[in-house]
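[1] The sequence and its predicted three-dimensional model are supplied below.
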Amino acid sequence: MNGFDSSNDIKVESPDNDGSAALNIELRDAERRFSGADHRRHGLGVPQGGFLPVMGLYLGLRFALFLCNVLAAEITGARNWLTPFTAWDGHWYTQVAEGWYGSTALSSAHLTYAAGGFEPGWPAFIKLGTMTGLSFAASAFVMSLLVGGATVFAIWRLSRELLPERPEMATVAVLAFPGAAVVFGIAYSEVLSIGCVAATLFLLIKRRWVLAGIAATIASATSSLAVVLTLVCLIEAFLAIRDRREYRSLWALAIAPVGFLGFVGYLGFLAKDPLYWWRLQSHAWGAKIEPGYIFHWFRSFAGTGWGAYWMAAAGLVVLVYLVVNSFRSDFPLSVKLYCAAVAVMVLINPALGPKPRFLFWLFPAILLFPRDLKPRLFNSVLIVMAWLLPLLLIAYTTIGNTVAQP
């Protein structure tokens with residue numbers, strides 16, 4: 001027994017005076033400590049308590065955003081409050097749910113806005129909701145409410161792994177972030193894709209490789225931006241094989257991009273053009289890889305006053321802060337690289353940009369707010385963000401064209 005390090009607190013006592021019982025207790029304590037040393041392999045059970053207040057806040061947020069939709073409908077003279085809720089790309093998602101993709105019937109040389117620009121993951125949920133007799137718009141709202149609750153739960157579970165000391169407040173910071181106005185206030189696909197991203201990161205931490213790959217592929221079939229999860233799975237697989245010879249980690253890497261690649265292949269088959277999706281994105285939305293475009297964006301909007309120019313300027317500052325803050329944290333390398341990859345995609349694609357909706361994709365860095373900001377400053381930031389939430393949604397659903405698209 002002399003070979004044990006004394007720091008392990010395993011003591012051998014003589015059998016006298018219940019020494020054997022003491023030895024068993026010490027051994028059990030040591031085994032418990034060592035078995036918990038690798039925090040990356042815990043079970044997936046739901047922790048007791050803590051989530052109900054977060055869910056209450058989420059429901060309060062959804063009610064506030066519902067009132068904003070009602071107000072926006074009054075301002076714009078819309079038929080009902082579902083019209084603002086399905087505004088912008090929300091209209092496209094409900095349209096895909098209603099008619100799916102069918103034959104694209106478009107020439108690659110004259111591509112314009114089309115349903116093929118919107119991934120099928122979220123429309124599939126909307127279609128599922130209509131099986132209860134709801135209209136497509138009403139189904140979009142009900143499914144957004146339900147799927148949004150699951151997304152908040154996934155964010156909360158991830159926050160318990162990354163910030164076990166303050167998971168509830170970390171989740172509150174994410175819910176109060178202005179980008180939540182679009183994610184939860186309009187029928188956008190982020191209500192599903194963000195939840196799948198959170199689930200993927202959580203399952204990778206737990207080394208549940210197949211489940212992580214499934215969550216990642218649903219995310220990539222819901223939003224092309226989620227393709228960055230393939231890089232995350234690659235990094236985690238490399239580390240798992242290097243450190244533990246855990247070749248099962250390759251499952252996550254193999255499954256992660258299937259959703260996106262399958263969708264792109266399906267559109268290419270319909271259009272008889274394997275590059276159809278890329279041509280559509282480039283022609284209709286100007287989506288392409290253009291390093292430095294953000295500087296051209298500033299220059300082109302420099303004379304437009306407070307609108308897109310100032311939103312981009314503020315968004316760029318927040319973007320840099322979030323990325324730097326994530327790299328200063330003790331997060332796993334894969335989480336840090338996820339934030340960096342999203343930031344790069346936002347800055348090099350003219351169809352994206354540092355808008356509140358895309359900043360919301362960096363939610364792991366937003367989780368750090370309550371830990372890295374002093375309580376008084378954090379409370380002030382929380383109040384400001386909470387006030388911006390309804391203002392942003394009302395602006396997007398009424399005068400959005402004069403500011404910037406969501």
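    Yep, it's here.
[2] Would you mark the buried spots in stretch 117-130?
    117-127, 129-130 (16 or more other CB atoms under 10 Å). For glycine as for every other residue, the C-beta is placed from the backbone atoms N, C-alpha and C.
[3] One more: stretch 54-71?
    Across stretch 54-71, burial judged by 16+ other CB under 10 Å covers 54, 57-58, 61-62, 64-66, 68-69, 71.
[4] Looking at these, which are in helices?
    54, 57-58, 61-62, 64-66, 68-69, 71 (DSSP state H).
[5] okay, these in CSV with pLDDT and distance to residue 251 next?
    Formatted as CSV, those follow (pLDDT from 0 to 100; distance: CB to CB, whole Å):
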residue, pLDDT, distance to residue 251
54, 92, 31
57, 94, 35
58, 96, 32
61, 96, 36
62, 96, 35
64, 96, 41
65, 96, 38
66, 96, 40
68, 95, 42
69, 95, 41
71, 95, 48
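[6] Quick check: nearest residue in space to residue 177, chain neighbours excluded?
    residue 366 (5.4 Å; CB to CB, 6 or more residues apart in numbering).
[7] likewise residue 186?
    Excluding the flanking residues, the one nearest residue 186 by CB to CB, 6+ apart is residue 90, at 4.9 Å.
[8] how many neighbours does that neighbour have?
    A count of nearby residues for residue 90, using other CB atoms under 10 Å, gives 27.
[9] residues contacting it?
    140, 186-188 (CB atoms under 8 Å, 6 or more residues apart in numbering).
[10] Please identify which helix or strand holds it.
    Element membership for residue 90 (DSSP states H and E) is helix 89-99.
[11] May I see the buried residues of that helix?
    For helix 89-99, the neighbour count (16+ other CB under 10 Å) marks 89-90, 92-98 as buried.
[12] got the angle between the helix or strand just after that helix and helix 89-99?
    Remark: after helix 89-99, the chain's next helix or strand is helix 121-130, criterion DSSP H and E. Helix 121-130 runs at 60 degrees relative to helix 89-99, counting by axes from the mean of the first three to the mean of the last three CA atoms, to 10 degrees.
[13] Tell me the first helix or strand C-terminal of helix 121-130.
    Later in the chain than helix 121-130, the nearest helix or strand by DSSP H and E is helix 136-162.
[14] still on that earlier bit, closest to residue 387 among the buried residues of helix 89-99?
    Proximity of the buried residues of helix 89-99 to residue 387 (CB to CB) peaks at residue 90, which lies at 23.7 Å.
[15] shouldn't the residue nearest to residue 177 be in contact with residue 174?
    Yes - the pair formed by residue 366 and residue 174 meets the contact definition of CB atoms under 8 Å, at 5.0 Å.
[16] Now the spatially most central residue of the chain, what are its backbone angles?
    In the chain, the centroid-proximal residue (CA atoms, centre = their mean) is residue 194; its distance is 2.5 Å. The phi/psi pair for residue 194 (degrees, to the nearest 10) reads phi -60, psi -40.
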